[in-house]
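Colleague: this one's sequence-less:
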């Protein structure tokens, strides 16, 4: 019986356990099975409230549902068979009963909880095959989750790269268009600031593209430092930048941001022992909350304001619909690319 049914229990008429299979023995780390009351070890779920062998004997051959008393989450299925005299070598009363148990669909939990192996089940028990299938499914699902996680990380990285300017780390034109579309759809106050670097071509021509790249990276850092965390700074061309500023209450805020950027950019940028001198021309447009706007028109108006700043002598800031402001002192000599 221990080989054929390693999860069986032989119960005497009084309810005391006379013998348990080797697998059942592993379910208890303390105490002993032999001589203990079967209904002190197991609680009968079906038939409900049964607490004596006499009550479940009529269920012979039918499915029983049991659970461990101290581990109610561990569910078993069982079947009861009366044992006549002479079945075993030991003297046995014909009123003894054999109850064979099974983990059923909770086999995986049972195996993990009690650290069971294939040797704890009968060789013909389909539970072994089920266990292999469940383990294979678990491994396949784990591999699938790992692969999906890698794909998700790769997707996020690809999307981030698609929206990022590789030289400066700023958002690119694609990202800027996306953010601008959201601001327009939100119908809340925001501003767009177009920035061109003055005299940047002279730096490239004099010191080469390495110096130009360094200047672009420095300019990008200055613009990020001069704006808020909620603002978007994007590089949309060679030396062209666009700033998107949500929640702007008026043009005074734009003037402050423009002044900070122009003042910082006019400070010499060191590269390989040379001081690169640039400045910035800026054109802005302020879209008031509730004002209907079209993204293309907003960018066009900001470009027009930028063009007016350049016409006025560069290093200036112009808000669309307002007069050109001097960001540099009037009459100051235009900076040279190198000094």
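Modeller: On my side now, so go ahead. Since we're looking at a predicted model, the values are computed, not measured.
Colleague: rest of the way, CA atoms for contacts and neighbours
Modeller: Fine.
Colleague: which stretches of the stretch 201-339 of the chain aren't confidently modelled?
Modeller: Applying pLDDT under 70 to the stretch 201-339 of the chain flags residues 326-339.
Colleague: Now do the strands in it.
Modeller: Along the stretch 201-339 of the chain, the segments classed as strands by DSSP state E, counting those that start in this stretch run 232-235, 240-246, 269-271, 274-276, 279-287, 316-319, 324-326.
Colleague: Now tabulate those in JSON lines and tack on mean neighbour count and distance to residue 2.
Modeller: Formatted as JSON lines, those follow (neighbours: other C-alpha atoms under 10 Å; distance: least, C-alpha to C-alpha, whole Å):
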{"stretch": "strand 232-235", "mean neighbour count": "25", "distance to residue 2": "74"}
{"stretch": "strand 240-246", "mean neighbour count": "22", "distance to residue 2": "76"}
{"stretch": "strand 269-271", "mean neighbour count": "16", "distance to residue 2": "85"}
{"stretch": "strand 274-276", "mean neighbour count": "19", "distance to residue 2": "89"}
{"stretch": "strand 279-287", "mean neighbour count": "28", "distance to residue 2": "84"}
{"stretch": "strand 316-319", "mean neighbour count": "29", "distance to residue 2": "91"}
{"stretch": "strand 324-326", "mean neighbour count": "17", "distance to residue 2": "97"}
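Colleague: Let me have the ones you listed in JSON lines, extended by distance to residue 121.
Modeller: Formatted as JSON lines, those follow (distance: least, C-alpha to C-alpha, whole Å):
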{"stretch": "strand 232-235", "distance to residue 121": "65"}
{"stretch": "strand 240-246", "distance to residue 121": "68"}
{"stretch": "strand 269-271", "distance to residue 121": "76"}
{"stretch": "strand 274-276", "distance to residue 121": "81"}
{"stretch": "strand 279-287", "distance to residue 121": "75"}
{"stretch": "strand 316-319", "distance to residue 121": "82"}
{"stretch": "strand 324-326", "distance to residue 121": "88"}
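Colleague: hmm, who's touching the helix or strand hosting residue 178?
Modeller: Assigned by DSSP states H and E, residue 178 belongs to helix 173-186. Contact with helix 173-186 is made by 162-164, 190, 232, 234-237, 242, 244, 246, 292-295, as judged by C-alpha atoms under 8 Å, 6 or more residues apart in numbering.
Colleague: Go again with 7 Å.
Modeller: Contacts to helix 173-186, defined as C-alpha atoms under 7 Å, 6 or more residues apart in numbering, come from residues 163, 234-236, 293-295.
Colleague: Relative to the whole chain's centre, how far out is it?
Modeller: Chain-centre distance of helix 173-186: 24 Å, with C-alpha atoms, centre = their mean, to the nearest Å.
Colleague: I'd like the next helix or strand past that helix.
Modeller: Next along the chain after helix 173-186, taking DSSP H and E as the criterion, comes strand 190-198.
Colleague: Any regions of the stretch 1-150 of the chain where pLDDT drops low?
Modeller: For the stretch 1-150 of the chain, the stretches with pLDDT under 70 are 29-31, 85-94, 128.
Colleague: Helices along that one, start to end?
Modeller: 22-25, 38-41, 53-56, 107-114, 126-162 (DSSP state H, counting those that start in this stretch).
Colleague: What are the buried residues along the second one?
Modeller: With burial defined by 16 or more other C-alpha atoms under 10 Å, the residues of helix 38-41 counted as buried are 38-39, 41.
Colleague: how about a markdown table for those residues, with distance to residue 309 added?
Modeller: Output for the buried residues of helix 38-41, formatted as a markdown table (distance: C-alpha to C-alpha, whole Å):
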| residue | distance to residue 309 |
| --- | --- |
| 38 | 94 |
| 39 | 93 |
| 41 | 89 |
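Colleague: Give the single residue among these positioned nearest to residue 65.
Modeller: Nearest to residue 65 among those is residue 39, at 12.8 Å by C-alpha to C-alpha.
Colleague: check contacts around the closest one.
Modeller: Shown in contact with residue 39 (C-alpha under 7 Å, 6+ apart): residue 51.
Colleague: Go through the buried residues of helix 38-41 and say which is closest to residue 127.
Modeller: Proximity of the buried residues of helix 38-41 to residue 127 (C-alpha to C-alpha) peaks at residue 41, which lies at 23.4 Å.
Colleague: Spatially nearest residue to the closest one, not counting backbone neighbours?
Modeller: residue 69 (5.7 Å; C-alpha to C-alpha, 6 or more residues apart in numbering).
Colleague: Residue 240 now?
Modeller: The nearest residue in space to residue 240 (C-alpha to C-alpha, 6+ apart) is residue 196, at 4.8 Å.
Colleague: Next one: that neighbour from residue 173, what distance?
Modeller: According to C-alpha to C-alpha, to the nearest Å, residue 196 stands 15 Å off from residue 173.
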